[in-house]
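The following block contains a protein sequence and its predicted model.
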Amino acid sequence: MSMNTTATHTTTTAPAWYELALCAQTGPGFFFPEPGSSLRDAKRLCGACEGRKACLDYALANDERFGVWGGLSESERQALRSRRP
């Protein structure tokens, strides 16, 4: 899960939780699989990560639309957004 922005070619400082996150030790392809691929392994890794809640909060606050963030897929985050006030 890269914290780089490619549109402006600037680098964003990673949030504090990212330093300890298990995803920081895994390639981004693991959390951004090809369409139709299983998300099970990425979700399992997220489930063991102590930064999971902070990651999910980050994804929701920044409207992340792709990949697995905080253990949830795009559609799961969308459903969560629609249930929040």
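Alright, I've got the coordinates.

Next, name the residue at the spatial heart of this protein.
Most central in the chain under Cα atoms, centre = their mean is W69, positioned 2.3 Å from the mean C-alpha point.

That one contacts D57, correct?
No. Distance between W69 and D57: 9.5 Å, which falls outside the contact criterion (Cβ atoms under 8 Å). In short, each C-beta sits where N, CA and C put it, glycine included.

what's the closest non-adjacent residue to the residue nearest to the centre of the chain?
Of all residues not flanking W69 in the chain, A59 sits nearest, at 3.4 Å (Cβ to Cβ, 6 or more residues apart in numbering).

May I have stretch 31-46 as PDB, with CA atoms only?
Listed next in PDB are the C-alpha coordinates belonging to stretch 31-46 (Å, rounded to 0.1, in the frame of the first residue of the first chain):
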ATOM      1  CA  PHE A  31      -3.600  -6.000  -1.400                       C
ATOM      2  CA  PHE A  32      -4.500  -4.800  -4.900                       C
ATOM      3  CA  PRO A  33      -5.000  -8.100  -6.700                       C
ATOM      4  CA  GLU A  34      -6.200  -8.600 -10.300                       C
ATOM      5  CA  PRO A  35     -10.000  -8.400 -10.700                       C
ATOM      6  CA  GLY A  36     -11.600 -11.700  -9.800                       C
ATOM      7  CA  SER A  37      -8.700 -12.800  -7.700                       C
ATOM      8  CA  SER A  38      -9.200 -14.000  -4.100                       C
ATOM      9  CA  LEU A  39      -8.900 -11.400  -1.300                       C
ATOM     10  CA  ARG A  40      -8.800 -14.100   1.400                       C
ATOM     11  CA  ASP A  41      -5.000 -14.000   2.000                       C
ATOM     12  CA  ALA A  42      -4.900 -10.200   2.200                       C
ATOM     13  CA  LYS A  43      -7.900 -10.200   4.600                       C
ATOM     14  CA  ARG A  44      -6.200 -12.900   6.800                       C
ATOM     15  CA  LEU A  45      -3.000 -10.800   7.000                       C
ATOM     16  CA  CYS A  46      -5.100  -7.700   7.900                       C
END
